[in-house]
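# Return atomic coordinates for the entry below.
(4 chains)
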2 protein chains.
Amino acid sequence: MSTPPPTPSSGPEPEARAIRDDATRSAPEPDAKPLRADAARNRAKILDAARAAFAEHGRDAQMDDIATRAGVGVGTVYRHFPTKQSLAVAIVQQRFAMILAFIRDELLPDPDPWNALERSFEFCASTQLADRGYADAVGTIAGGSPIAGGGPHGPAVDQIEEMLDLTERLIARAHAAGVVRDDLAASDMPPLYAALASIVQAGVPDWRRYIAIVLDGLRPR
Amino acid sequence: MSTPPPTPSSGPEPEARAIRDDATRSAPEPDAKPLRADAARNRAKILDAARAAFAEHGRDAQMDDIATRAGVGVGTVYRHFPTKQSLAVAIVQQRFAMILAFIRDELLPDPDPWNALERSFEFCASTQLADRGYADAVGTIAGGSPIAGGGPHGPAVDQIEEMLDLTERLIARAHAAGVVRDDLAASDMPPLYAALASIVQAGVPDWRRYIAIVLDGLRPR
DNA sequence: GCGGAAGCGGAGTTCCGGTTCCGATTGACA
DNA sequence: TGTCAATCGGAACCGGAACTCCGCTTCCGC
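Next up is the predicted model:
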């Protein structure tokens, strides 16, 4: 795997901080209380546990299991996330933030636009490999449901917008270099990512082959 | 839609009979009791209702709902199918038999191998459109799980074998006509069908566009 | 028509997993 | 160190959905 998806950890790394803040901002109140030390620690443990649980079982992950993994009571989980849904959303948003960062910091700076495209598919596949819940998120975008924030598991609306914006730039560069078919649009990518994700999801071992096929379909006519 | 998937009905048409027998043979005992008249009638109603329910709600269809749709008590449903799972399997096998029939009777006789390939994708998409449960089945095959009969929703093992055999012939014809890339194998098709199914599933309206892209990826280099 | 075996229906049971409650615990601050 | 509000833990609660049970009904061979 050329680019194993870095699992976001709620450890002390500064990068993780930013991501968690990002996920947290979905709460109604802007910031307010600084959160007691142990509470903050537990919140981090819960997020880590939930990430693992959702990655393993998708939407079927169980709250009790998450609590156990986190070494915490269910009540504590519910103190931080009033609902299973809200916890799932937090996780998806985290993962999504990670993907956006990858596109922004790794793919767009890549001097070879075609190679960037290729890597975006690889990244998509390996993310899916690591996280069963990821497909749902991509599907949400592919479907273009505008009420993403309201829908189950959906990333935040502005995240989707940024995603489309970044993809737009990725495609624009490819067009400029003349390496893709004329009619390729940024909006084509989410469905293709979703398609690839489903192949990986199905457990097909040589998914790279299908990336190659799709990529061939994207070349200039 | 060039080829709307004919919904199998448990009505009196002879074709439907054959399909139901096919689904029924998954029972352990070969045949045995001829089933009382009203029982046979109810069984048919249940299968119809279940087909509708699964098509609408996928794996989340509820037994009570199925019973209601069939105008029958839950107990009756359970008399015919001891488990929700077994009912789902029966439905999937029916649908699968339909797909096999389509390939055998419509696609293989098509004089244009490329066109046959194209139609197979279209058929896959429109089937998915009509039946949410179908994607699960395709995914099962794409994953190549050998214990398909045991796995949830899986079509019978011999159905999968026939599927692969028919696809083999489809691809062989395409190769003979020189219209596809040299390395295309029959085993490539299930993953591609799964991929397409997921796009349709996501609610992307112009899924035909992605068929076209994938097909372009299948042309000779 | 009759008897009884096969089949029906749907209320009730069981299981499962999300959510709530509240007494015990702990961190923050004086 | 003492106080107390914030936080914790996990048993209990609750609703929903698969499945069971059994008295009633229907079909079918005589």
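# Now do the SS call for A:P109.
coil (DSSP: H, G, I helix; E, B strand; the rest coil).
# Hmm, A:V179 and A:P113 touching each other?
Yes - between A:P113 and A:V179 there is a contact at 6.0 Å, judged by Cβ atoms under 8 Å. All C-beta atoms are positioned from the backbone trio N, CA, C, and that covers glycine.
# who has more neighbours, these two?
Shown here are A:P113 and A:V179; by other Cβ atoms under 10 Å in any protein chain shown, A:P113 has more neighbours (22 against 17).
# What strand or helix carries whatever residue of chain A ends up closest to DNA strand D?
Closest contact between chain A and DNA strand D, by Cβ to the nearest atom of the strand, is at A:G75 (1.8 Å). Using DSSP states H and E, A:G75 sits in helix A:74-80.
# Kindly report the same for A:R209.
Following DSSP H and E, one finds A:R209 within helix A:207-218.
# Report the buried residues of that helix.
A:W207, A:R209, A:Y210, A:I211, A:I213, A:V214, A:L215, A:D216, A:G217, A:L218 (16 or more other Cβ atoms under 10 Å in any protein chain shown).
# nearest to B:I199, of those residues?
B:I199 lies nearest to A:V214 out of the buried residues of helix A:207-218, by Cβ to Cβ, at 11.4 Å.
# I'd like to know how many residues surround A:G75.
Residues near A:G75, counting by other Cβ under 10 Å: 8.
# How about the secondary structure of the residue nearest to A:L218 when sequence neighbours are not counted?
Nearest non-adjacent residue to A:L218, counting by Cβ to Cβ, 6 or more residues apart in numbering or on different chains: A:V180, 5.2 Å away. Three-state assignment for A:V180 (three-state DSSP): coil.
# does any part of the helix or strand just after the helix holding A:G75 sit near DNA strand D?
Next along the chain after helix A:74-80, taking DSSP H and E as the criterion, comes helix A:84-102. No - using Cβ under 7 Å from any atom of the strand, helix A:84-102 stays clear of DNA strand D, with a minimum separation of 13.1 Å.
# Mind listing what's buried along the helix or strand just after helix A:84-102?
Moving toward the C-terminus from helix A:84-102, the first helix or strand encountered (DSSP H and E) is helix A:113-130. Neighbour-count burial for helix A:113-130 flags A:113-114, A:116-130 (criterion: 16+ other Cβ under 10 Å).
# What is the three-state secondary structure of A:A67?
A:A67 - assigned by three-state DSSP - is helix.
# so what's the spatially closest residue to it that is not a sequence neighbour up against?
Excluding the flanking residues, the one nearest A:A67 by Cβ to Cβ, 6+ apart is A:V74, at 4.5 Å. Residues counted as contacts of A:V74 (Cβ atoms under 8 Å, 6 or more residues apart in numbering or on different chains) are A:M63, A:D64, A:A67.
# I'd guessed A:Q201 sits against A:A135; true?
Yes - in this structure, A:Q201 is within contact of A:A135 by Cβ under 8 Å, at 5.4 Å.
# anything in contact with each of the two?
A:Q128.
# And those two? Which one has more around it.
A:A135 (24 against 21).
# helix or strand for the residue nearest to that one when sequence neighbours are not counted, which one?
Nearest residue to A:A135, sequence neighbours excluded (Cβ to Cβ, 6+ apart): A:A197, at 4.4 Å. Element membership for A:A197 (DSSP H and E) is helix A:189-201.
# helices or strands up against that helix?
Counting contacts by 3 or more Cβ pairs under 8 Å, 6 or more residues apart in numbering or on different chains; DSSP states H and E, helix A:189-201 packs against helix A:113-130, helix A:134-143, helix A:157-176, helix A:207-218, helix B:134-142, helix B:189-201, helix B:207-218.
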